[in-house]
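Colleague: quick one, what's the 3D model for this:
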Amino acid sequence: MYHAIVRAKVRALWRTTGDGSGNYHPAVAMAAPDLRFRFIGDNILGAELHGPEAFADWFEKANQCFPGMRLGLTDMVVKGWPWNTTVVVRLRIEATLADGSAYENEGIQWVRIRWGRMVEDTVLEDTLRLQQAWRRQEAAAKADG
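Modeller: Numbering: from 1, shown residues only. Sure, this is the predicted structure:
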C-alpha cells in the first residue's frame with residue numbers, strides 16, 4: 001500500500017512539474033534541507049548542489065535554457081520504507097527550441113526519500129542530445145541578436 005501511495009504522489013508531482021508551465025515549486029517543496037541534487041554530465045545543466053534553494057535555482061536555469069520544456073514519466077519503480085524509499089523514474093524530455101526545431105530526449109532519475117522529503121536526486125540524461133539542443137539555442141540567440 002505504501003508503494004502505491006508513493007507512486008501516485010510521484011505521478012502527480014511529475015504532471016505538475018513537467019507540464020511545460022515552469023512550475024517547479026512542488027518539487028522544491030519536497031526537498032529536504034540537506035538535499036543533494038546531481039545532474040550528471042559536462043553540459044549547460046550539469047550540476048552538483050545542495051539544498052532546496054540551489055535546487056530551485058537549477059530549475060530556474062533549466063527553464064531559461066529551454067522555455068516550455070515538458071517532462072514526462074514513462075516508467076517508475078518504488079522500493080523501501082518511509083525512512084528510506086528509493087524511486088527510479090524513466091523519463092522523456094520535450095521542448096520546442098528557439099529555431100522551431102523539436103528537442104526530444106530521455107533520461108533516468110534516481111531519488112531517495114526519507115519520511116516524505118527528497119534527500120537525494122540524481123538525473124542522467126542523454127548529454128549528447130542535450131548539448132546539441134543547447135548549441136541550437138545559442139545559435140538562434142546569436143541570429144536574433
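Colleague: check the gap between L13 and H25 for me.
Modeller: Using C-beta to C-beta, to the nearest Å, one obtains 11 Å as the distance from L13 to H25. For every residue, glycine as well, the C-beta is placed using N, CA and C.
Colleague: who's more crowded, the two?
Modeller: When L13 and H25 are compared on other C-beta atoms under 10 Å, the one with more neighbours turns out to be L13, at 16 against 11.
Colleague: quick one: contacts for the more buried one?
Modeller: For L13, the contacting residues are P26, A27, M30, taking C-beta atoms under 8 Å, 6 or more residues apart in numbering as the criterion.
Colleague: if you set the cut-off to 6 Å instead, what comes out?
Modeller: Counting by C-beta atoms under 6 Å, 6 or more residues apart in numbering, L13 makes contact with P26.
Colleague: for it, helix, strand, or coil?
Modeller: Secondary structure assignment for L13 (DSSP: H, G, I helix; E, B strand; the rest coil): helix.
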